[in-house]
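Peer 1: Have a look at this fold, sequence not included:
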C-alpha cells in the first residue's frame, strides 16, 4: 500500500471518533533560503493587495495543513510553500485544519523547489495533492534555475498546463496567470498586466502625479497652487 493509499484509507473515520482540537499551531521547518522567503512574501503581498476588497479566501505560505486527525504530523508531508483556499472566511489562522474548515482543501498550491525538496515536490507531494487533496491547480517553481511548471486536475489526474506566448501559465482557480518577472514568480491579469505590490502601486501613482505636474508646468501653471 502506497503512502497515499494509506492516507485515503484513514479518511474512513467512524462517527464516534474524537477529533483533536482545531486550534493547532503550524509545525513547519525553516525556509530553504532568503530567496524562498522573498518569493512567498511577494505572492502573498500581491494577491492580498489585488483582492483587498474580498473576504472569501485564505492565502498563506509555509503553513501546516492538518488534514487527517488520525495522523496529525507525518514525516512524509508538511505544509505547502504557498496555497490559496477559496470560499472561506478571510481571517488569521495558526494553521489550516481541514476538519475545522468544512472539509475544504486548497484550490491552488505552489511549491518552491530546492535541491533537498524537488524530488518530493515533484513526486510524493504531487501525488498527495492530486489523490487526497484534489487540489485543482498545482505549480512548482525554482527561483535559482527558473524551472516552472503547472498542472490542472482533470478527471482526477493532473494534466500539464501549456504556457502562453509569454511563458505564463493560467490558474483557473485564481483567474490569473503566473509567470516569471525579474527572476521571481508573479501574477498577471487576463490581459497581461503585472499584478503590483502596494509599494509598486504607490510608485505608479506618484509617477502619474509627477507627469501631471510636469504638464501643468509646461502650461505655466504651478501645480502647488491647485487644490
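Peer 2: Arrived safely, thanks for sending. What you see is a predicted model; the values in this text were computed from it and never measured. Residues are numbered from 1 along each chain as shown.

Peer 1: Strands of this protein, residue ranges please.
Peer 2: Using DSSP state E, the strands of the chain run over 57-61, 65-66, 82-86, 96-97, 108-112, 137-141, 148-154, 157-160, 169-171, 176-181, 184-188.

Peer 1: burial count for the closest residue to residue 88 other than its chain neighbours?
Peer 2: Ranked by CB to CB, 6 or more residues apart in numbering and with sequence neighbours excluded, the top spatial neighbour of residue 88 is residue 58, at 5.3 Å. (Each C-beta comes from the backbone N, C-alpha and C, glycine too.) Other residues near residue 58 come to 21 when the count uses other CB atoms under 10 Å.

Peer 1: Tell me which of the strands of the chain is the most buried.
Peer 2: strand 108-112 (a mean of 25; mean count of other CB atoms under 10 Å).

Peer 1: about what we covered before: in TSV, list the strands of the chain along with distance to residue 221.
Peer 2: Formatted as TSV, the strands of the chain follow (distance: least, CB to CB, whole Å):
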stretch	distance to residue 221
strand 57-61	45
strand 65-66	58
strand 82-86	47
strand 96-97	55
strand 108-112	49
strand 137-141	49
strand 148-154	49
strand 157-160	57
strand 169-171	46
strand 176-181	37
strand 184-188	37
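
Peer 1: need those in JSON lines with distance to residue 44 and mean pLDDT, can you?
Peer 2: Listed next are the strands of the chain as JSON lines, based on distance: least, CB to CB, whole Å; pLDDT from 0 to 100:
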{"stretch": "strand 57-61", "distance to residue 44": "6", "mean pLDDT": "97"}
{"stretch": "strand 65-66", "distance to residue 44": "16", "mean pLDDT": "92"}
{"stretch": "strand 82-86", "distance to residue 44": "7", "mean pLDDT": "98"}
{"stretch": "strand 96-97", "distance to residue 44": "14", "mean pLDDT": "93"}
{"stretch": "strand 108-112", "distance to residue 44": "11", "mean pLDDT": "97"}
{"stretch": "strand 137-141", "distance to residue 44": "15", "mean pLDDT": "98"}
{"stretch": "strand 148-154", "distance to residue 44": "18", "mean pLDDT": "98"}
{"stretch": "strand 157-160", "distance to residue 44": "24", "mean pLDDT": "98"}
{"stretch": "strand 169-171", "distance to residue 44": "15", "mean pLDDT": "98"}
{"stretch": "strand 176-181", "distance to residue 44": "14", "mean pLDDT": "98"}
{"stretch": "strand 184-188", "distance to residue 44": "11", "mean pLDDT": "98"}
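
Peer 1: quick one: which of those strands is nearest residue 33?
Peer 2: Closest to residue 33 of the strands of the chain, according to CB to CB: strand 108-112, at 9.2 Å.

Peer 1: The closest one pairs with which strands, and in what direction?
Peer 2: strand 82-86 (antiparallel), strand 137-141 (parallel) (DSSP bridges).
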